[in-house]
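In: My questions are about this predicted structure, shown below with the sequence.
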Amino acid sequence: MGELSVLGLTDTEEGIYRHFLRNPGTTAEDIQLLLHVPLDEIGSALERLSELGLLHGTEGTRTGPGTDGGPEVISAADPETAVDRLTDLRLRELHQQLQQVTQSRHLIAGLRAEQSLKEPPDSGRIERLEDLGQIRGRIDDLAFFAREEILSVEPYTELTPANIEHARPLDTRCLRRGVRIRNVVLREALDHPPTVGYLRDLTSLGAQIRVADTIAERLLVYDRRTALVPVDPADTRRGALLAREAGLVANILALFEKIWDQATDLTVLIDERAGAAGGGLSEMEQQVLEAMCHVGKDESGARTLGVSVRTYRRHVADVLRILGASSRAHAALLARERGWV
């Protein structure tokens with residue numbers, strides 16, 4: 001393929017143009033023999049190059065009485081002029097194609113109508129997805145095509161590096177396109193630094209994230225029209241239900257808003273923890289620190305403070321983070337150095 005193909009010239013057209021650059025003021029009679037292409041292709045190429053302004057022809061002259069004008073003499077346009085003309089034309093074509101692509105959403109209605117012709121009435125309003133790969137693929141598609149808002153409640157305790165690597169480009173793309181994201185996560189997830197770092201990155205891009213002490217629900221809603229929930233919240237391996245039924249989606253939206261209203265803003269919790277790191281520990285965190293230094297097992301420490309083991313361990317993680325400690329023994333050493341115990 002020739003170098004000028006990116007600007008819209010065929011190999012034959014480029015070969016002819018280059019021939020007349022090397023041989024200005026000659027005729028077109030021998031081009032077919034030089035390029036080894038059919039005569040009709042030569043004619044079409046010469047005509048298009050003339051229309052583009054890359055070739056200019058003038059009638060030749062023959063000397064002597066009674067002679068008519070000779071064969072047409074052809075010259076090539078200056079390379080800078082030629083490339084400028086081709087670039088301008090190609091950019092106009094690309095702009096028109098880009099407009100057609102960006103205005104292609106009207107095709108969805110027609111395609112959806114064809115889809116519905118092959119389905120019984122009311123089918124597709126609730127769809128069961130059983131394969132994990134199918135569920136992930138559908139989530140990616142829904143996020144990619146979301147236009148207004150994505151709502152989610154996700155009771156994970158941490159995100160793996162693979163989870164974050166997969167989710168980051170989708171979430172970032174949505175936020176940069178102006179899609180609103182509201183997300184409720186479990187407080188326990190804040191004990192995992194990579195997860196907290198990712199959530200903070202999302203908030204810096206405009207996502208709204210809240211934290212709940214305990215949530216069992218797992219749900220996703222896209223543009224308030226499509227909802228995805230697990231078949232069995234206690235066992236996500238059983239698959240998921242994709243719902244577009246308006247009444248069902250409305251109930252799921254109401255559940256989300258209830259959870260959202262009862263949750264705490266992530267930035268508030270981060271600010272509180274930052275304040276504690278600068279000015280010491282809260283009363284509960286101080287009690288946990290002392291228990292860490294004097295009690296061996298978490299069960300004993302939790303029982304001493306009258307909290308659950310899960311809550312106790314969450315406070316332990318907070319204390320480690322505030323002290324910047326890598327282990328409980330390290331935390332005890334740092335606390336003694338600061339006079340906190």
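Out: Looks like it came in fine.

In: who's L186 bridged to?
Out: A212 (DSSP bridges).

In: got it, and H56?
Out: On the basis of DSSP bridges, H56 is bridged to S75.

In: show me the contacts for it.
Out: H56 makes contact with 50, 74-77, according to Cβ atoms under 8 Å, 6 or more residues apart in numbering. C-betas here are computed from N, CA, C, even on glycine.

In: Then I135?
Out: Residues in contact with I135, defined by Cβ under 8 Å, 6+ apart, are 129, 228, 239-240.

In: Dump the contacts of H56 into a markdown table; add pLDDT as well.
Out: Putting the contacts of H56 into a markdown table (pLDDT from 0 to 100) gives the following:
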| residue | pLDDT |
| --- | --- |
| S50 | 90 |
| I74 | 83 |
| S75 | 84 |
| A76 | 89 |
| A77 | 89 |
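
In: are any of those residues buried, and which?
Out: Buried by 16 or more other Cβ atoms under 10 Å: 74, 76-77, out of these.

In: Identify the residues contacting the one helix or strand E80 maps to?
Out: Per DSSP states H and E, E80 falls inside helix 79-102. Counting by Cβ under 8 Å, 6+ apart, the neighbours of helix 79-102 from elsewhere in the structure are 4, 6-9, 17, 21, 52-54, 76-77.

In: pLDDT on it, on average?
Out: Averaged across helix 79-102, pLDDT comes to 83.

In: what distance separates it from the centre of its chain?
Out: In this view, helix 79-102 has its centroid 28 Å away from the chain centroid, taken as Cα atoms, centre = their mean, to the nearest Å.

In: residue ranges of the helices in the stretch 201-341 of the chain, please?
Out: 246-262, 266-279, 283-294, 298-305, 309-323, 328-338 (DSSP state H, counting those that start in this stretch).

In: Also the stretch 1-150 of the chain?
Out: Using DSSP H, counting those that start in this stretch, the helices found in the stretch 1-150 of the chain span residues 11-22, 31-35, 39-51, 79-102, 107-117, 132-145.

In: Tell me how the protein divides into domains.
Out: For the chain, automatic domain parsing gives the domain ranges 3-102, 138-265, 280-338.

In: The most centrally placed residue in the chain: what's it in contact with?
Out: With distances taken as Cα atoms, centre = their mean, the residue of the chain nearest its centroid is L170 (3.2 Å). Applying Cβ under 8 Å, 6+ apart, we find L170 in contact with 140, 143-144.

In: Mind checking which of the residues you listed are buried?
Out: The buried subset of the contacts of L170 - by 16+ other Cβ under 10 Å - is A143.

In: that older thread, and the helices of the stretch 1-150 of the chain, which is most packed in?
Out: Mean neighbour count, computed with mean count of other Cβ atoms under 10 Å, is highest for helix 11-22 among these, reaching a mean of 18.

In: Just list what that one packs against, helices and strands only.
Out: Other elements packing on helix 11-22 under the criterion 3 or more Cβ pairs under 8 Å, 6 or more residues apart in numbering; DSSP states H and E are helix 31-35, helix 39-51, strand 55-60, strand 70-76.

In: Looking at the ones you listed, spot the one closest to S152.
Out: For S152, the closest of these is helix 39-51, at 55.3 Å, according to Cβ to Cβ.

In: hmm, back to that, quick check: angle from the helix holding E80 to strand 70-76?
Out: On the basis of axes from the mean of the first three to the mean of the last three Cα atoms, to 10 degrees, helix 79-102 is oriented at 70 degrees to strand 70-76.

In: ok, A146 touching R180?
Out: No: with contacts counted by Cβ atoms under 8 Å, A146 stays clear of R180, the gap being 9.4 Å.

In: quick one: which of these two has more around it?
Out: A direct count of neighbours by other Cβ atoms under 10 Å for A146 and R180 places A146 higher, at 21 against 14.

In: Of the helices of the stretch 1-150 of the chain, which is nearest L333?
Out: That would be helix 132-145 among the helices of the stretch 1-150 of the chain, by Cβ to Cβ, at 44.3 Å.

In: then the closest one to CSV, C-alphas only?
Out: Below are the C-alpha coordinates for helix 132-145, written out as CSV (Å, rounded to 0.1, in the frame of the first residue of the first chain):
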residue,chain,number,x,y,z
LEU,A,132,-20.1,-15.5,36.3
GLY,A,133,-18.5,-14.4,33.0
GLN,A,134,-21.9,-13.5,31.6
ILE,A,135,-22.7,-11.4,34.6
ARG,A,136,-19.4,-9.5,34.5
GLY,A,137,-19.8,-8.9,30.8
ARG,A,138,-23.3,-7.6,31.3
ILE,A,139,-22.2,-5.3,34.1
ASP,A,140,-19.4,-3.9,31.8
ASP,A,141,-21.9,-3.3,29.0
LEU,A,142,-24.4,-1.5,31.3
ALA,A,143,-21.6,0.7,32.8
PHE,A,144,-20.2,1.5,29.3
PHE,A,145,-23.6,2.6,27.9
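
In: follow-up on the earlier one: want to throw the contacts of I135 into JSON lines with pLDDT, neighbour count and distance to V309?
Out: Listed next are the contacts of I135 as JSON lines, based on pLDDT from 0 to 100; neighbours: other Cβ atoms under 10 Å; distance: Cβ to Cβ, whole Å:
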{"residue": "L129", "pLDDT": "88", "neighbour count": "19", "distance to V309": "36"}
{"residue": "L228", "pLDDT": "93", "neighbour count": "21", "distance to V309": "33"}
{"residue": "G239", "pLDDT": "87", "neighbour count": "16", "distance to V309": "32"}
{"residue": "A240", "pLDDT": "90", "neighbour count": "24", "distance to V309": "31"}
